[in-house]
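**Student:** Need coordinates for the below:
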Amino acid sequence: MDEFLTDKELEIQKHNEEVKAEEAALERETLLEFPCQFPIKIMGPATDDFEAQIRALVTAQLGELPASVWKIRPSAKGNFVGMTLTFTATSKAQIDALYRAITAHPDVKMCL
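**Tutor:** Residues are numbered from 1 along each chain as shown. Here you go, the predicted structure:
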């Protein structure tokens, strides 16, 4: 059926195949065995808005999670909050996408 595709469609198809091959190669490079429990630590301002926005970002990436996956700790002076999310990761690509989404938030000071 490729003879009916335009040059642009063929180019997009080739690009998508290259991306899939790169993702597969990256999957093989990780030392993690999936699925696994994976913690992510996030630090930002101690505001209700920040916590809600981070939870919304995570929900958009991973779906609804129980409250038990979150541990919240305020800093000594109460200006910042540390949020630790421990979830069942299914792939390196999933972890990478979650890190990208979290670190794109303008108020995130640190994400480990």
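**Student:** Select the longest helix from the protein.
**Tutor:** Determined from DSSP state H, the single longest helix within the chain is helix 7-29.
**Student:** That helix: what's the following helix or strand?
**Tutor:** strand 36-45 (DSSP states H and E).
**Student:** The helix or strand of the chain with the lowest mean pLDDT: which residues count as buried?
**Tutor:** Taking mean pLDDT, DSSP states H and E as the measure, the chain has helix 7-29 as its least confident helix or strand, at a mean of 81. Across helix 7-29, burial judged by 16 or more other C-beta atoms under 10 Å covers no residue at all. C-betas here are computed from N, CA, C, even on glycine.
**Student:** Remind me what the longest helix of the chain packs against, helices and strands.
**Tutor:** helix 92-103 (3 or more C-beta pairs under 8 Å, 6 or more residues apart in numbering; DSSP states H and E).
**Student:** Just the angle for the helix it packs on relative to helix 7-29, thanks.
**Tutor:** 100 degrees (axes from the mean of the first three to the mean of the last three C-alpha atoms, to 10 degrees).
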